[in-house]
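*Asks:* Sharing a model prediction with you, sequence too.
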Amino acid sequence: MALTAGIVGLPNVGKSTLFNAITKSQVEAANYPFATIEPNVGVVKVNDPRLDTIREFIESKKIIPTTFEFTDIAGLVKGASKGEGLGNQFLSNIREVDAIAHVVRCFANSDIVHEHGIVGDPISDIEIIEIELMLADLQSVDNRLNKVGRKAKSNDKEAMMELSILNRAKELLENNKPLSELSLTDEEMKVVRTFHFLTIKPVIYVANVDEDSLMDVESNDMYQQVKKYAADRGARVIAVCAKVEEDLSSLEDEERDMFLQDLGVSESGLDVLVRNCYDILKLRTFFTAGPQEIRAWTFTEGMKAPQCAGVIHTDFEKGFIRSETYNVEDLAEFHSEQAIKEAGKMRSEGKEYVMKDGDIVHFRFNN
């Protein structure tokens, strides 16, 4: 699934360093022949220990993880909503992503100049970007209001719904609140998606700390400020050291694990970022397993079995008959598909089955 998170941030916060780590960790395009990787897109694997669990009990030639895309968004300066700097490019790029990874500087280094000459006030840095996004959304709302107002006066139902949404959106934005705080019905959400608003996208704050802080991040005052800011908005925050991530990306797996052990952390910041981005977009994973390959596939929460079959190939969805399904947990407990069948845990699911995270499936379909 081609969902992507856009990496945003002020100049000199570590955004480019983090994206360098992502591109160094990029999967080989040869393994994903249907993906065209643009210069500003990094495609990284989603490390999932369940693949190792499956490999333990099902012999196979290779393992293929699922992937996630990050888009490097053009740099931002104050006034972007009015076209300052690369503002127009920034706003255009960010409209195309599904989530935002907002990199915030949480380290002091006199050798790295701060865009506004102030180090130690990460909330001000965050607000510069978020105000620009809200101003851009407000401009979009005003433009749309001018067009829809006349139609709503003629009692056009769709226009009246749109007008209601836009008026509520305008009120929020004029009170410096993002559109993620809009309360919307499912029907209204379908309408809102067509507007490509910026501040309605889910956000993860990425606190870029120095290497010393990585070992005891709770002692970093700037990180604590970002953590509170995120909590107040119901958002997530993760701590990374972009420089460490760039160093890790050039290491072999064994060296990488030793490096992480020396730092006292169990997994890389990039892995944590991928997992969180994956989760806020309600992405889930199902698996296929056989002698040729064990493979992870991404689907969106709520998708039914035929749609998931279509993730593999459109013909699978068109000719879907049923899926033979069990979960990774069943395999961990019973150790083989035969034992799973004997225990009555192998299920035959039809077209209305809603796929679960961790399902292992064999799709049956007509050619």
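*Replies:* It's in.
*Asks:* quick one, phi/psi of residue 4?
*Replies:* phi -140, psi 150 (degrees, to the nearest 10).
*Asks:* Please name the residues that touch it.
*Replies:* Counting by CB atoms under 8 Å, 6 or more residues apart in numbering, residue 4 makes contact with 41, 68-71, 96-99. C-beta here means a position set from N, CA and C on the backbone, and glycine is covered the same way.
*Asks:* Which one (most neighbours) among those residues?
*Replies:* residue 70 (26 neighbours; other CB atoms under 10 Å).
*Asks:* got the contact list for that one?
*Replies:* 4-7, 19, 22, 41-42, 44, 101, 277.
*Asks:* Report how many residues lie close to residue 207.
*Replies:* With other CB under 10 Å as criterion, residue 207 counts 28.
*Asks:* Sticking with it, tell me its helix or strand.
*Replies:* For residue 207, the host element (DSSP states H and E) is strand 203-208.
*Asks:* again with residue 18
*Replies:* helix 15-24.
*Asks:* and that helix, what's its mean pLDDT?
*Replies:* The pLDDT scores in helix 15-24 average 88.
*Asks:* before we move on, the earlier item: looking at the contacts of residue 4, which is nearest residue 292?
*Replies:* residue 68 (23.9 Å; CB to CB).
*Asks:* distance of the residue with the largest distance to the centre of the chain from residue 160?
*Replies:* The C-alpha centroid of the chain is most remote from residue 154, which lies 41.0 Å away (CA atoms, centre = their mean). Plainly put, residue 154 is 9 Å away from residue 160 if you go by CB to CB, to the nearest Å.
*Asks:* next one: residue 295
*Replies:* 47 Å.
*Asks:* Tell me where the stretch 101-250 of the chain is predicted with low confidence.
*Replies:* Segments of the stretch 101-250 of the chain classed as low confidence (criterion: pLDDT under 70) are 109-120, 152.
*Asks:* quick one, phi psi at residue 300?
*Replies:* Torsion angles, degrees, to the nearest 10, at residue 300: phi -90, psi 140.
*Asks:* you'd agree it is up against residue 278?
*Replies:* No. At 10.8 Å, residue 300 and residue 278 do not qualify as touching, with contact defined as CB atoms under 8 Å.
*Asks:* Right, I'll call it a day here.
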